[in-house]
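Student: Predicted model follows, preceded by the sequence.
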Amino acid sequence: MADTGDSRIRLSFEGPLATIVIARQDKLNALDYRMVLALEQAARLVEEQTAVRAAIITGEGEKSFCAGGDIEAWSALSPGEFGLAWVRHGHRAFDALARLRQPLIAVLNGHTLGGGLELAATADFRIAEQHVKIGSPETGLGIIPGWSGTQRSVNRFGPQLVRRMALLGELFTAEEGLGLGLVDALAPRGRGMAAATEMAQRIMHRGPLATQSAKMLINAAEGEEVHRPLEALAGGLASSSEELKEGLAAFRQKRPPEF
Ligand code: COA
């Protein structure tokens, strides 16, 4: 088990597959501040492992993937702490997950609500077990979806669907979620991880460089991030070119390069 800084965010590696488990069953896997920081650390650790080709994120138990941000934790914050720490660090963690090099699969094994849906939205694929309820109940509590639920979710799911969840409080079943494009596949109760492992195998049989480059390009097209993928892909091209070889040889031989 890798050290994420919080034992409730469990990160393990099995060959080329990384698995992150949110383990706070007594609170339906709701995320407090330390767990958010640990999620960011987990993303960093996965990203660093060049041998890792795919990652899965899920919740512990059968009842909840994640019931959102910890209501008791955030409601005790001052407005400054709420905006500058809670929301900002939540974005940092969720951005790190959405921008992972490796494809990420979320196994929705129960309630996927509020911050839980925002977390699920960071994944490239969502597999929902059949009993799952999905929604964005925050405005019913008098707060906004603040971990990218009005931003990334709009890009990924479309504005009208987000309106239905965020403004009307509609909750969707897994099957409805499949029809609406919120989820990519269904699994029977307790079988989500098996389905995700199978999906990860499909990913891991494909060219890792091509897969990761394609993910970066899709993210860029979606507006997830543009500058880093552009420089990463161009940097990769330049670093494998004859031009670079000649430039370095000229530098070492103290002569002008001949391009
Ligand atoms: N933050 C903090 N605690 C939460 C939580 C959250 N987002 N969601 C659930 N919990 C806690 C409950 O307070 C309860 O704690 P307790 O046993 O100490 O009282 C425990 O998890 C179990 O939840 P409970 O409400 O008893 O389960 P349930 O099956 O009756 O209802 C839900 C399940 C998901 C419908 C309900 O817990 C809920 O509405 N949660 C909030 C969802 C939400 O609004 N998320 C967005 C937050 S910004």
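Tutor: Looks like it came in fine.
Student: how about the strands in the stretch 151-259 of the chain?
Tutor: Taking DSSP state E, counting those that start in this stretch as the test, the strands found in the stretch 151-259 of the chain are 171-173, 185-187.
Student: Show me what residue of the stretch 101-250 of the chain gets nearest to the ligand.
Tutor: Nearest residue of the stretch 101-250 of the chain to the ligand (C-beta to the nearest ligand atom) works out as Gly114 at 2.7 Å. In this view, the C-beta of every residue, glycine as well, is placed from N, C-alpha and C.
Student: how near is that residue to Phe94?
Tutor: Relative to Phe94, Gly114 is positioned 13 Å away (C-beta to C-beta, to the nearest Å).
Student: ok, these two, which is more surrounded?
Tutor: Counted by other C-beta atoms under 10 Å, Gly114 and Phe94 do not tie: Gly114 has more neighbours, with 28 against 24.
Student: if we can go back for a sec, pop out the phi and psi values for the residue of the stretch 101-250 of the chain closest to the ligand.
Tutor: Gly114 adopts backbone torsions of phi 60, psi -120, taken as degrees, to the nearest 10.
Student: and the nearest residue to it once chain neighbours are set aside, how many neighbours does it have?
Tutor: Distances taken as C-beta to C-beta, 6 or more residues apart in numbering place Gly68 nearest to Gly114, at 2.9 Å, with adjacent residues excluded. Residue crowding around Gly68 was assessed by other C-beta under 10 Å; the count is 28.
Student: Identify the residues contacting Ala185.
Tutor: By C-beta atoms under 8 Å, 6 or more residues apart in numbering, Ala185 lies in contact with 125-128, 178, 195, 199.
Student: tell me the two of those that are most distant?
Tutor: With distances taken as C-beta to C-beta, the most widely separated pair in the contacts of Ala185 is Leu178 and Met199, at 14.6 Å.
Student: Just give me the closest of the contacts of Ala185 to Ala214.
Tutor: Phe125 (13.7 Å).
Student: wait, the closest one sits on Ala106?
Tutor: Yes - because the distance of 7.2 Å satisfies C-beta atoms under 8 Å, Phe125 is recorded as touching Ala106.
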